[in-house]
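# Okay, predicted coordinates and the sequence, questions at the end:
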Amino acid sequence: GSISLWTVVGAVQALERSVAAHASRLLSLEHRAGNAEKKHLEYEKGMGELRNQLESKWAVLGTLIQEYGQLQRRLENVENLLKNRNFWVLRLPPGGGAPTLVLENDSTGFSAQEWENLEEWQRELCRKVLAGKSQALVLPDDAVSEPALLSRLQGGEVPCSEDEAASTEIPEDP
């Protein structure tokens, strides 16, 4: 048996069509792989940006939590002072009036926004404490300078024990 020339030509043409179909499929796969790589790089870039944003937000959250803890301790200190009846009698300068408060010099320790958020009685207490700068705050049995008192309070110390507070009479206003 001899194979006819037409049979060989037909087989070669079929093989060429098969090679062309495979080449077309290979080009399509290369194109899809290129698109997938581009999408992957865009995804990595987006993840990096998201990671940076999250790190920034975590830092802000950490600061807020720390400030919340400080405010909580300050509140607990004030509540303990009130609960233990550790009221301080403030000697005002002659004339009887408390000086007006100037927020711009940051002598209150509060920002303007925090100051606005305080209740009136809290602002008044601040004014009275600031009015006593470089004067003595007087306990019925003891005198403590205002800067020493503030540093003790800010350090989380209670100015006197519960026993001292319970045994101390609070004078009536004259």
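On my side now, so go ahead.

# What strand or helix carries residue 70?
helix 5-83 (DSSP states H and E).

# any idea how far residue 32 is from residue 39?
Look at residue 32 and residue 39: by Cβ to Cβ, to the nearest Å, they are 11 Å apart. The C-beta positions use only the backbone N, C-alpha and C, and glycine is treated the same way.

# Could you do residue 119 as well?
For residue 119, the distance to residue 39 (Cβ to Cβ) stands at 56 Å.

# same deal with residue 73?
Applying Cβ to Cβ, one obtains 50 Å for the distance of residue 73 from residue 39.

# And for residue 28?
Applying Cβ to Cβ, the value for residue 28 to residue 39 is 17 Å.

# cool, and residue 110?
Distance from residue 110 to residue 39, by Cβ to Cβ: 51 Å.

# try residue 63
Distance of residue 63 to residue 39, given as Cβ to Cβ: 36 Å.

# Also residue 79?
Counting by Cβ to Cβ, the gap from residue 79 to residue 39 is 57 Å.

# for the chain, which spans come out with low pLDDT?
The chain contains residues with pLDDT under 70 at 1, 86-109, 132-174.

# what residues go with each domain of it?
Here the domain assignment for the chain is 1-83, 86-174, based on automatic domain parsing.

# Could you export the host helix or strand of residue 124 as PDB, CA atoms only?
Per DSSP H and E, residue 124 falls inside helix 120-131. Provided in PDB are the C-alpha atoms of helix 120-131 (Å, rounded to 0.1, in the frame of the first residue of the first chain):
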ATOM      1  CA  GLU A 120     -21.400  74.800  84.500                       C
ATOM      2  CA  TRP A 121     -20.500  73.500  88.000                       C
ATOM      3  CA  GLN A 122     -17.300  71.900  86.600                       C
ATOM      4  CA  ARG A 123     -16.300  75.200  84.900                       C
ATOM      5  CA  GLU A 124     -17.000  77.000  88.200                       C
ATOM      6  CA  LEU A 125     -14.900  74.600  90.100                       C
ATOM      7  CA  CYS A 126     -12.000  75.200  87.700                       C
ATOM      8  CA  ARG A 127     -12.400  78.900  88.000                       C
ATOM      9  CA  LYS A 128     -12.200  78.600  91.800                       C
ATOM     10  CA  VAL A 129      -9.200  76.400  91.700                       C
ATOM     11  CA  LEU A 130      -7.500  78.800  89.200                       C
ATOM     12  CA  ALA A 131      -8.400  81.700  91.400                       C
END
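
# Give me the helices and strands touching that helix, please.
Here helix 120-131 touches strand 89-90, going by 3 or more Cβ pairs under 8 Å, 6 or more residues apart in numbering; DSSP states H and E.

# buried ones in the next helix or strand after the strand it packs on?
For strand 89-90, the following helix or strand on the C-terminal side (DSSP H and E) is helix 112-117. For helix 112-117, a neighbour-count test (16 or more other Cβ atoms under 10 Å) marks nothing as buried.
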